[in-house]
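Asks: Just to be clear, the model below is a prediction. Sequence and coordinates:
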Amino acid sequence: MPVINRFADLHHEIAGWRRDIHEHPELLYDVHRTAGLVADRLKDFGVDEIVTGIGRTGVVGVIKGSNDTSGKVIGMRADMDALPIMEETGQDWASKTPGVMHACGHDGHTAMLLGAAKYLSETRRFDGTVVVIFQPAEEGGAGGKAMVDDGMMDRFGIQEVYGMHNMPGLPVGQFAIRPGPMMASADLIEIEIDGLGGHAARPHECVDTVVVASHIIQGLQTITSRNVNPLESAVVSVTMMQAGNAFNVIPPRASLKGTVRTLKAEVRDLVEKRISDMVERLAGAFGARATVTYKRMYPVTSNHEVQTGTAVEIAREVSGTASVNDDAPPVMGGEDFSFMLNARPGAFIFMGNGNTAGVHHPEYDFNDEAIPVGCSYWANLAEKRMPL
């Protein structure tokens, strides 16, 4: 079954929802307008049950098939939040909120799942129940964990859960997926360095925290090259450094922040330990003190084999065998859909966004030409996984 004709008819309407959400981006859990729009649309579609406030501001809709003899319940998830980035697209539907934009395509994800919900509510050509999940706070707020911790899986009897994300650079109409680790764990590191400040002209009387910080930054880069097996994957990136506020003063304190990405638990453990050991000893070598705070944020997004096979089958139904890469390389970005995959078997798939700016870029915009493809994937998933 190729792209469903009904979504060609609905394309303009769904794109309108997407652009409206894009114009009014919201951060983390403060997605009240977006969640309200989602709930209103679901009510208009006639879904059987709508629950708001799951995981603080998440929305869940329940759509029952024309039969329910199978007892199957499948969850389909989209994310709703935006990013603290100043938009530079110049589009007519550009963000109206300065410094906030949908730079990751969550507006498109939400609109496509709404489109699928409308179609499934109209047709109900499946035997079971579809639970559409609209999640807040994917961008660093662990909204997926909040919804799981709120009892979502048990409350709605979800047995399998599926997610989708657009991928710039992958042509529209193509999909990419793999079993096992699909996206990396995402952790936060914070390092506080205490030295001895003083006049920049008398460094011998000081313990220069800027010098200490620079050696720590350099040292951390050796973890992936000298401690992690070259056949494994790890990223250690220091992305923030704060120290001092005058050109002629050696600051007594400095702080660093960054991120760690890995694909295996044992590599994650190794990197965390090496960071703590290295920072403490490097600081001590210069006469300074340093403390490390290592926060495990998102687990590895790991696809389950059976459900990955289902996702591949559905994607091939929509786009053809040649348009689906079922052995795509993992991505070192993080994704809090991982919490849902830890709670239930499922699969996370990438869908082509075409030749656009990359995600988290001020010139990024979701490609509306991908809407019928994404909607068809969701609809086919319900109809093929729970056939009448």
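Replies: Cool, got the structure.
Asks: Can you list the residue ranges for helices in the stretch 1-150 of the chain?
Replies: Assigned by DSSP state H, counting those that start in this stretch, the helices in the stretch 1-150 of the chain fall at 5-23, 32-45, 106-123, 143-149.
Asks: same thing with the stretch 251-388 of the chain?
Replies: Using DSSP H, counting those that start in this stretch, helices in the stretch 251-388 of the chain cover 265-285, 305-319, 337-343, 371-385.
Asks: Check which helices and strands the longest one sits against.
Replies: Helix 265-285 makes packing contacts with strand 185-194, helix 209-226, strand 234-243, strand 253-262, strand 289-298 when contacts are defined by 3 or more C-beta pairs under 8 Å, 6 or more residues apart in numbering; DSSP states H and E. The way it works is simple: take the backbone N, C-alpha and C, and place the C-beta from them, glycine included.
Asks: of all these, which lies closest to Val131?
Replies: The minimum distance between Val131 and these falls on strand 289-298, with 22.0 Å, by C-beta to C-beta.
Asks: So which of the helices of the stretch 1-150 of the chain is nearest Ala176?
Replies: Nearest of those to Ala176, taken as C-beta to C-beta: helix 106-123 at 15.8 Å.
Asks: could I get the helices and strands packed on helix 265-285 as CSV with distance to Met86 and mean neighbour count?
Replies: Formatted as CSV, those follow (distance: least, C-beta to C-beta, whole Å; neighbours: other C-beta atoms under 10 Å):
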stretch, distance to Met86, mean neighbour count
strand 185-194, 23, 21
helix 209-226, 27, 18
strand 234-243, 18, 16
strand 253-262, 21, 20
strand 289-298, 25, 16
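Asks: quick one: the residue positioned nearest the centre of the chain from Ala186, how far?
Replies: Centroid-nearest residue in the chain: Glu335, 3.4 Å away (criterion: C-alpha atoms, centre = their mean). Distance of Glu335 to Ala186, given as C-beta to C-beta, to the nearest Å: 8 Å.
Asks: do the same with Cys375
Replies: Using C-beta to C-beta, Cys375 is found at 29 Å from Ala186.
Asks: Highest mean neighbour count out of the helices of the stretch 251-388 of the chain?
Replies: With neighbours defined as mean count of other C-beta atoms under 10 Å, the helices of the stretch 251-388 of the chain peak in mean count at helix 371-385, which reaches a mean of 25.
Asks: What's the local residue count around the closest residue to Pro251 other than its chain neighbours?
Replies: The shortest distance from Pro251 to any non-neighbouring residue, by C-beta to C-beta, 6 or more residues apart in numbering, is to Gly244 (3.5 Å). By other C-beta atoms under 10 Å, 16 other residues sit near Gly244.
Asks: I figured Gly244 hits Ala213, correct?
Replies: No. Applying C-beta atoms under 8 Å, one finds Gly244 not in contact with Ala213, separated by 10.5 Å.
Asks: Identify the contacts common to these two.
Replies: Common contacts of Gly244 and Ala213, defined by C-beta atoms under 8 Å, 6 or more residues apart in numbering, comprise Ala254.
Asks: Name the residues of stretch 79-98 that are buried.
Replies: Residues of stretch 79-98 classed as buried: Asp79, Met80, Asp81, Ala82, Leu83, Ile85, Glu87, Thr89, Trp93, Ala94, Ser95 (neighbour count, 16 or more other C-beta atoms under 10 Å).
Asks: I'd like the distance between the closest residue to the first one other than its chain neighbours and Thr34.
Replies: In this case it means Asp79. Distances taken as C-beta to C-beta, 6+ apart place Glu138 nearest to Asp79, at 4.0 Å, with adjacent residues excluded. Between Glu138 and Thr34 the distance, using C-beta to C-beta, works out to 12 Å.
Asks: Overlap of the contact sets of the two?
Replies: With C-beta under 8 Å, 6+ apart, Glu138 and Thr34 have common neighbours Asp81.
Asks: Can you give me the domain assignment for the chain?
Replies: Per automatic domain parsing, the structural domains of the chain span 5-182+300-385, 185-298.
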